[in-house]
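J.: generate coordinates for the sequence data below:
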Amino acid sequence: MTDAAAPAAGPSHPASPEDKYAGLRERLAGLGSVLVAFSGGADSAYLGWVAAQVLGDRALCVTADSPSYPARHRQMALRVARDFALRHEFITTAEMENPAYRANEPDRCYHCKHELFTRLGELARARGCAAVLDGANADDRVDYRPGRTAAREQGVLSPLDEAGLTKAEIRALSRRAGLPTWDLPASACLSSRIPYHSAVSPEKLKQIEAAEDTLFALGFTVCRVRHHDDLARLEFSPDDFERAVHEPLRRSIVDALKGLGYRYVAMDLQGYRAGSLNEVLALRQV
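T.: Numbers count the residues shown, from 1 in each chain. Below is the predicted model of the structure:
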């Protein structure tokens, strides 16, 4: 007599955001104590909040302060830490002192993250934290991010990515948690506005930040100022194209940015897209 055939396995279902959230909590609990690289963006804010929910004071959120870090991000990091009672500290990083960072080759982000994670690792050991965490999520796997190499070299963990949480899921869960970062537009450091091979300097970063602050003050929320020496190339959401070119707003934008030192102010008809300055890398590979 032969054994009865085993029943066929039922269809597998992808994990829900709630399942991933539960997995994230379990992972954090297993670490025991953590230091979270806390920029104040949507991903790190959510990770810091969950870590504090699971670990309490054994979760330390640390924000790195440098010329490439916009003041508005600093303010958001402070707001989230205050409103949600996160254990929080600032450190100062010195990537601008590294000639390889200032040279702004395509691996610039590696040098920045190497400095950041080296400093965070030192602080974690001093504070008795078992692991350093960053806010990389599952969507970041497909983007060009040399900083991920630095994270791996330094043993930094990415529990949002490990849990399979995407950006959209993190935003939805953050909204449910009441975090003000749930709909915060994605924003990389100010150095990412400078084309590769054009040197990074504190003066350029201040000019870029002032220009973007001008656009935010005028009501634009999804925008970038790409710095091409004396030309500012503005990237807006396509929904904002018409508003940006109508008077008197168009003249206000031009006058304000020329007042900051730009000779030319141009609008990119492709609109905003994350990492647009990486497009030159793709072209060189063709």
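J.: please count neighbours and contacts with C-alpha atoms only from this point.
T.: Fine.
J.: buried set for stretch 250-269?
T.: 253-254, 257-258, 262, 265 (16 or more other CA atoms under 10 Å).
J.: distance between that stretch and the chain's centre?
T.: 26 Å (CA atoms, centre = their mean, to the nearest Å).
J.: C-alpha coordinates for that stretch, CSV please?
T.: Taking Å, rounded to 0.1, in the frame of the first residue of the first chain, the C-alpha atoms of stretch 250-269 are listed here in CSV:
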residue,chain,number,x,y,z
ARG,A,250,7.7,83.4,-12.0
ARG,A,251,9.3,86.9,-11.5
SER,A,252,9.4,86.3,-7.7
ILE,A,253,11.4,83.0,-8.3
VAL,A,254,13.8,84.6,-10.7
ASP,A,255,14.4,87.7,-8.7
ALA,A,256,14.9,85.7,-5.5
LEU,A,257,17.4,83.2,-7.0
LYS,A,258,19.3,85.9,-8.8
GLY,A,259,19.5,87.7,-5.5
LEU,A,260,21.2,84.6,-4.1
GLY,A,261,23.9,84.8,-6.8
TYR,A,262,22.6,82.7,-9.7
ARG,A,263,22.9,84.4,-13.1
TYR,A,264,20.4,82.1,-14.9
VAL,A,265,17.3,80.4,-13.6
ALA,A,266,15.9,77.5,-15.7
MET,A,267,13.1,75.0,-15.3
ASP,A,268,13.6,71.4,-16.2
LEU,A,269,10.7,70.3,-18.3
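J.: which SSE is the residue nearest the centre of the chain in?
T.: By CA atoms, centre = their mean, the chain has its centre lying nearest to A188, at 5.0 Å. In the assignment (DSSP states H and E), A188 maps to no helix and no strand.
J.: heads up, I number from 589, so please use that
T.: In the new count, where the first residue is 589, that last one comes out as A776.
J.: and it, how far from R670?
T.: From A776 across to R670, the span is 23 Å (CA to CA, to the nearest Å).
J.: related to what we said a few turns ago, let's see which of the buried residues of stretch 838-857 end up in helices.
T.: Residues of those located in helices (DSSP state H): 841-842, 845-846.
J.: which one of the residues you listed is nearest to R781?
T.: L845 (15.1 Å; CA to CA).
J.: test my guess that that closest one contacts V853.
T.: Yes. Counting by CA atoms under 8 Å, V853 is a contact partner of L845 at 7.2 Å.
J.: mutual contacts of those two, please.
T.: Residues touching both L845 and V853 by CA atoms under 8 Å, 6 or more residues apart in numbering: A820.
J.: so where do the strands sit in the protein?
T.: 622-625, 647-653, 676-680, 719-721, 811-816, 819-824, 852-855 (DSSP state E).
J.: quick one: average confidence on the shortest one?
T.: On average, the pLDDT along strand 719-721 is 98.
J.: what is it packed up against?
T.: strand 622-625, helix 696-715 (3 or more CA pairs under 8 Å, 6 or more residues apart in numbering; DSSP states H and E).
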